[in-house]
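Participant: With the input below, show me the fold.
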Amino acid sequence: MELRHQYDPELRKIIKKSKKAALIPVGSLEQHGPHLPVSTDSDIVTEIAKSVSEKCNFLLFPTINYGVSFEHSPFFNLSLKNSTLQAMLIDIGNSLVSNKIYTLFILNGHHGNQSALRSISKKIERSTKKKIKVFVFSYWHFMKTEFDHAGFVETSLMLAISNKVKMSKARKGFVTNKLSKKEKIRLSKRASKSFITVTKNGVLGDPTHASAKNGKKFLSEIVHNLIKTSQTCLTDKKRKLHQ
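Facilitator: So this is what the prediction gives:
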């Protein structure tokens, strides 16, 4: 159920009757190579959130389209500070409580947001005097295939949900297949500070063989695993948050 399509006072009646959980996707506006739109992270996380909310009967809130993407400079990025994103979510959490919504799922769609979101559940719960329970997930943790940036995986996901992909402009970027786990960790840390020092065209991976078929397969896997974990969170008070 999408919040933006609901009407008051019917919405208040629905919340009171069913004790709905809120789901807020968080994306970004940043470069994704020459073939994907800057809205890619927001587009993908929104689509996943829609599917999860429909299956779990969550109340889907509008996507926060701005994220923490300073690492992509001098490529295009429209970024928030960690503190700004946290402040937004804390305010939203308090507003949810005032509207008698006491469970919040935050679904992250951008790697650079993780630092801001790592402690957000505790901060929101502290701000609301523990009146709300907050769960934070990054969707790529719910798939087996190694994730990339504008490479095979992310381009396939976009092909499955969008007509904005320009495959004629897709170019291979920096490929990590042959790197050791230690090297990949070192590379990830470097990219989180300056993406252009790792890949000159803004692409991590090879998008040239991406397909909508693979994208649908990835989406199905992600949504299935998120639904399973979300339902467990609602019934298991001792479950640790997956970030």
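
Participant: all contacts plus neighbour counts: C-alpha atoms, from now on.
Facilitator: Noted.

Participant: Got the phi and psi for the residue most central in space within the chain?
Facilitator: In the chain, the C-alpha closest to the average C-alpha coordinate belongs to Gly109, at a distance of 1.9 Å (C-alpha atoms, centre = their mean). Per-residue torsions, Gly109: phi -120, psi 10 (degrees, to the nearest 10).

Participant: quick one: it and Thr40 touch, right?
Facilitator: No: under the criterion of C-alpha atoms under 8 Å, Gly109 lies out of contact with Thr40, with a separation of 9.1 Å.

Participant: Find residues that contact each of those two.
Facilitator: Common neighbours of Gly109 and Thr40, counting by C-alpha atoms under 8 Å, 6 or more residues apart in numbering, are Ser28.

Participant: what's around Lys182, how many residues?
Facilitator: 9 (other C-alpha atoms under 10 Å).

Participant: Correct me if wrong: Asn57 contacts Glu2.
Facilitator: No: with contacts counted by C-alpha under 8 Å, Asn57 stays clear of Glu2, the gap being 9.9 Å.

Participant: All the helices of this structure, in order from the start?
Facilitator: In the chain, the helices defined using DSSP state H lie at 10-18, 40-56, 82-98, 114-117, 120-127, 152-161, 181-191, 212-235.

Participant: buried ones in the second one?
Facilitator: If I follow you right, that is helix 40-56. The neighbour-count check on helix 40-56 (16 or more other C-alpha atoms under 10 Å) flags 40-53, 56 as buried.

Participant: go on, stretch 134-152?
Facilitator: For stretch 134-152, the buried set under the neighbour-count rule, 16+ other C-alpha under 10 Å, comprises 134-140, 142-143, 148-152.

Participant: now swap in stretch 217-235 and tell me
Facilitator: Buried residues in stretch 217-235, defined by neighbour count with 16+ other C-alpha under 10 Å: 218-219, 222-227, 229-230, 233.

Participant: that older thread, measure the residue nearest to the centre of the chain to Lys200 for me?
Facilitator: Distance, Gly109 to Lys200, using C-alpha to C-alpha, to the nearest Å: 23 Å.

Participant: same question, Lys123
Facilitator: In this structure, Lys123 and Lys200 are separated by 37 Å, where distance is defined by C-alpha to C-alpha.

Participant: repeat for His149
Facilitator: If you go by C-alpha to C-alpha, the gap between His149 and Lys200 works out to 13 Å.

Participant: which pair in the buried residues of stretch 217-235 spans the largest distance?
Facilitator: Using C-alpha to C-alpha, the buried residues of stretch 217-235 span at most 22.4 Å, a distance reached by Phe218 and Cys233.

Participant: Listing request: residues of this protein with sub-threshold pLDDT.
Facilitator: 236-243 (pLDDT under 70).

Participant: these two touch, right, Leu96 and Phe105?
Facilitator: No: under the criterion of C-alpha under 8 Å, Leu96 makes no contact with Phe105, lying 11.7 Å away.
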